[in-house]
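Student: I'll drop the sequence and a predicted model, then ask my questions.
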Amino acid sequence: MSEELAEKLWGVLEQVTGFIYPNETELHWSILIVVYPYLTGLVAGAFILASLEKVFDIPEVRPTYRLSLLTALAFLLIAPLPLLLHLGRPERAYEIFLTPQLRSAMAMFGFVYAWYLMAVLLLEIWFEYRRDLIVWARQERAPMRWIHRLLALYSADVSPEAVAFDKKAIHVITIIGIPSAFLLHGYVGFIFGSVKANPWWSSVLMPIVFLMSAIVSGIALVLFLYMVLTPLRGETIDMRCLDKVAGYLFYAVIVDFSLEALDFIQRLYESEESIKILATLITGKLFISLFVIQVLLGMVIPLGIMVATRLLGVNEELRKLLYFTSAILIQVGIFSTRWNVVIGGQLFSKSFRGLTTYKMDIAGIEGLLTALGLLILPFIVLIVLLKILPPWGKAESEAEAVTSR
Amino acid sequence: MERRTLLKGAILFIPAGGVLRSVARAAPAEPADKPGDTSNDKPGDKYDPASHYYGMGIEIEKCIGCGLCIQACKEENDVPREPFFCRTWVERYTIKKDDTVVVESIEQNRNPRKGEARSTHTVNEAEIQRTFFVPKLCNQCENPPCVQVCPVAATYTTPDGVILVDTERCIGCRYCIQACPYGARYLHPRTRVADKCTFCYHRIVQGLLPACVEICPTQARVFGDLRSKASQLVRFRRMKQIAVLKPHLNTQPKVYYAGLDGEVR
């Protein structure tokens, strides 16, 4: 075994308080496993925001519709990477797709992921963009012309009937998509919630809490992107849209907060065998990341801000600033939520007699730099997607020109 | 004693001894020597896993905390030397007079690299009420959470009741490590796949004992076949008051403890 690992583990042992099982000295699910549910949460949340416009017919959020879809796609494409990099034997990862063990929650990953990517997101984006792709391809020169033609899968029909069919298809896909998005992230919650050996994870509320926090983070991300991208393109932010999205964010945070509070109170009230060690954990090693970052910065302050904007009727400029601040705080809070679940759940011994510590690597495949890279990568993918599939609806007017030709 | 009575006794005793000896020779298993017996297999047949079901008994009172089992296990099974990778380990419980409990892993007390004792005598002798050792290993559960969660079926239960890991198949996702309530699994730093106690499967299928059982100087560990009435383990289960670890999790362990203290988890 590597000297480095041994040295690190002896170092960890110095910081162990109480008793842990010897095999618990090495903390197994690292920061990459924090990144994974964070990314998939953003996917599910962004998609659900996109669905609001289509299924519930809320016209105000229309400016964010395509942006939400592309955001969801960009993050979904990167989401499996942290999992892959974390595997002890990444070269065998294909086994999970080819020969899954059907009783394993984790084995469902392949199915859920493929279903969501292929049957929901890609299909919806294709139908949404099909007409625009054709129109663009007719107006452009190579190589964008080829790319758009290829992406349209060489379909060329922009007749009103075909477009009407696209719309109908999108509607159906969205209706299938909402439960699928729930499935995608609820399933990630189930991976943790179903581990009976770990009282910090084992909770029937886990999938629902994951889902609600996913919706919160996804909406906050799209809000953030919309506020950054619109001025960058020299356009004005649609305040009706912004207020509406912020409104949804507000309600989602309230539901998320209530669920987490319920989970917390339930644990405290039941006061099971593990309560002592969990109490030591949250008042000690998790205090900053749980109470300060997750609850105070990530929930209470954004909620306060949003209540204030409603009650005080602040002007547009200040409102923008406040929404923007809230969106960033919420992102930090949700990342902290994932951290507290994944890392927090491994900091106490299953003997309930002691706490260990997580020494994060800086470099190295499971280190901080990799994690940062994986958090930046979706934005790079998104920039590429925005170049290829501009969501700004420009093709509308040009399309008219082409179809009338 | 009258000469007649003596002779009468001798007449009865000598053949009786012969009978006993022949019975002993014909007995299918000699539990003390061969608990990993192959008695249920027909002579000349290959080892038949379906006719065995293995478990282990541990008698807390007999364990002296010498740690030979840990060493033997590491030697036999290519387990890394460092005490963060254990197929088996021994916990020392010290119940103090004020009813507080100190638990240590006997192996982690010393860092051989620095040559220093970490905490060989953590508790002042005057404060000690009682102490005992608890050997731990994979519980080879009948309802194993690790097998349930493995996404690629790399970890599985053999027909003879042992949980094994297919090292050629494991992807190293470590879900099984998270799912094990007993901390019995680790990621092997060299092979990068999950590793755990196999009851020395390569030995028991040949009728040998697991290394930890074989080396234990006080016979604190009892290995045997739950399907064979003659096995020492079956007798152990019959004669002792036994308990398993974390029964409320319904993992149904096949490692049975005699004299298990309520403090042990």
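Tutor: Everything's here; your move. Source: prediction; values computed, not measured.

Student: and the helix or strand harbouring A:D243, how far out from the chain's middle?
Tutor: Using DSSP states H and E, A:D243 sits in helix A:239-270. Distance, stretch centre to chain centre, for helix A:239-270: 16 Å (C-alpha atoms, centre = their mean, to the nearest Å).

Student: Ok, stretch B:257-265 next?
Tutor: For stretch B:257-265, the gap between its own C-alpha mean and the chain's C-alpha mean amounts to 15 Å (C-alpha atoms, centre = their mean).

Student: Same question for stretch B:58-68.
Tutor: Centre to centre, stretch against its chain (C-alpha atoms, centre = their mean), the figure for stretch B:58-68 is 11 Å.

Student: for stretch A:375-382, same thing?
Tutor: Per C-alpha atoms, centre = their mean, the centroid offset for stretch A:375-382 relative to its chain is 13 Å.

Student: What distance do you get for B:C173 to B:R81?
Tutor: From B:C173 over to B:R81 the distance is 26 Å, taken as C-beta to C-beta, to the nearest Å. C-beta: built from backbone N, CA, C; applies to glycine.

Student: Report the contact partners of the closest residue to chain B within the stretch 201-350 of chain A.
Tutor: Nearest residue of the stretch 201-350 of chain A to chain B, counting by C-beta to the nearest C-beta: A:K350, 5.6 Å away. By C-beta atoms under 8 Å, 6 or more residues apart in numbering or on different chains, A:K350 lies in contact with A:Y21, A:E24, A:A197, A:N198, B:P181, B:Y182, B:G183, B:R265.

Student: re earlier: which one's more surrounded, B:C173 and B:R81?
Tutor: B:C173 (30 against 13; other C-beta atoms under 10 Å in any protein chain shown).

Student: Just name whatever secondary elements the host helix or strand of A:V188 is in contact with.
Tutor: A:V188 is part of helix A:160-193 when elements are defined by DSSP H and E. Packed against helix A:160-193 by the contact rule (3 or more C-beta pairs under 8 Å, 6 or more residues apart in numbering or on different chains; DSSP states H and E) you find helix A:31-55, helix A:108-114, helix A:123-139, helix A:206-232.

Student: residues in contact with the second one?
Tutor: This means helix A:108-114. With C-beta under 8 Å, 6+ apart, helix A:108-114 has contacts from A:L76, A:A79, A:P80, A:L83, A:I96, A:F97, A:P100, A:L183, A:L184, A:Y187, B:P151.

Student: and A:V204, helix, strand or coil?
Tutor: Using DSSP: H, G, I helix; E, B strand; the rest coil as the criterion, the local structure at A:V204 reads coil.

Student: near chain B, which residues of the stretch 101-250 of chain A?
Tutor: Contact residues, the stretch 101-250 of chain A versus chain B (C-beta under 8 Å from any C-beta of the partner chain): A:Q101, A:R103, A:S104, A:A105, A:M106, A:A107, A:F109, A:I191, A:V195, A:K196, A:A197, A:N198.

Student: re earlier: any of the contacts of helix A:108-114 buried? List them.
Tutor: With neighbours counted by 16 or more other C-beta atoms under 10 Å in any protein chain shown, the contacts of helix A:108-114 contain buried members at A:L76, A:A79, A:P80, A:L83, A:I96, A:P100, A:L183, A:L184, A:Y187, B:P151.

Student: Enumerate every residue touching the closest residue to B:V79 other than its chain neighbours.
Tutor: Nearest non-adjacent residue to B:V79, counting by C-beta to C-beta, 6 or more residues apart in numbering or on different chains: B:R87, 5.4 Å away. Neighbouring residues of B:R87 by C-beta under 8 Å, 6+ apart: B:C73, B:K74, B:N77, B:V79, B:L137, B:C138, B:A184, B:D195, B:K196, B:C197, B:T198.

Student: mind redoing it with 7 Å?
Tutor: By C-beta atoms under 7 Å, 6 or more residues apart in numbering or on different chains, the residues touching B:R87 are B:C73, B:N77, B:V79, B:L137, B:K196, B:C197.

Student: now swap in A:L249 and tell me
Tutor: A:V216, A:I219, A:A220, A:L223.

Student: what do you get if the cut-off is 10 Å, keeping everything else the same?
Tutor: Counting by C-beta atoms under 10 Å, 6 or more residues apart in numbering or on different chains, A:L249 makes contact with A:45, A:49, A:215-220, A:222-223, A:302-303, A:306, A:323, A:326-327, A:330.

Student: just for the chain, where's the confidence low?
Tutor: Picked chain A for this. Counting by pLDDT under 70, chain A contains low-confidence ranges at A:1, A:393-405.

Student: wait, I meant chain B there
Tutor: When residues are selected by pLDDT under 70, those of chain B lie in B:1-45, B:109-121.

Student: and the residue of chain A found nearest chain B, how far is that from B:A154?
Tutor: Chain A approaches chain B most closely through A:G88 (1.8 Å), counting by C-beta to the nearest C-beta. Distance, A:G88 to B:A154, using C-beta to C-beta: 11 Å.

Student: all helices for the stretch 51-200 of chain B, in order.
Tutor: Using DSSP state H, counting those that start in this stretch, the helices of the stretch 51-200 of chain B run over B:68-77, B:145-149, B:175-179.

Student: Name the stretch among those that sits most buried.
Tutor: helix B:175-179 (a mean of 25; mean count of other C-beta atoms under 10 Å in any protein chain shown).

Student: how about that helix as PDB, C-alpha atoms only?
Tutor: Below are the C-alpha coordinates for helix B:175-179, written out as PDB (Å, rounded to 0.1, in the frame of the first residue of the first chain):
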ATOM      1  CA  TYR B 175     -21.600   1.200  -1.300                       C
ATOM      2  CA  CYS B 176     -21.100  -2.200   0.500                       C
ATOM      3  CA  ILE B 177     -18.700  -0.500   3.000                       C
ATOM      4  CA  GLN B 178     -21.300   2.100   3.800                       C
ATOM      5  CA  ALA B 179     -24.100  -0.500   4.100                       C
END
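
Student: what about A:D57, neighbour count?
Tutor: 8.

Student: actually A:L368, sorry about that
Tutor: Neighbours of A:L368 under the rule other C-beta under 10 Å: 14.

Student: In space, what's closest to it - neighbours in sequence excluded?
Tutor: A:L368 sits nearest to A:I362 (C-beta to C-beta, 6+ apart), 5.1 Å away.

Student: Next: A:W29.
Tutor: With C-beta to C-beta, 6+ apart, the residue lying closest to A:W29 is A:V342, at 5.6 Å.

Student: Likewise for B:P135?
Tutor: Leaving aside its chain neighbours, B:P135 sits nearest to B:V90 (5.0 Å; criterion: C-beta to C-beta, 6+ apart).

Student: Next, work out how far apart the spatially most central residue of chain B and B:V213 are.
Tutor: The residue lying closest to the centre of chain B (C-alpha atoms, centre = their mean) is B:M56, at 4.5 Å. Between B:M56 and B:V213 the computed distance is 7 Å (C-beta to C-beta).

Student: Need the residues touching each of those two.
Tutor: Shared contacts of B:M56 and B:V213, defined by C-beta under 10 Å, 6+ apart, are found at B:P35, B:F199, B:R221, B:V222, B:F223, B:G224.

Student: Ramachandran angles for A:W29?
Tutor: Torsion angles at A:W29 (phi, psi; degrees, to the nearest 10) stand at phi -100, psi 110.
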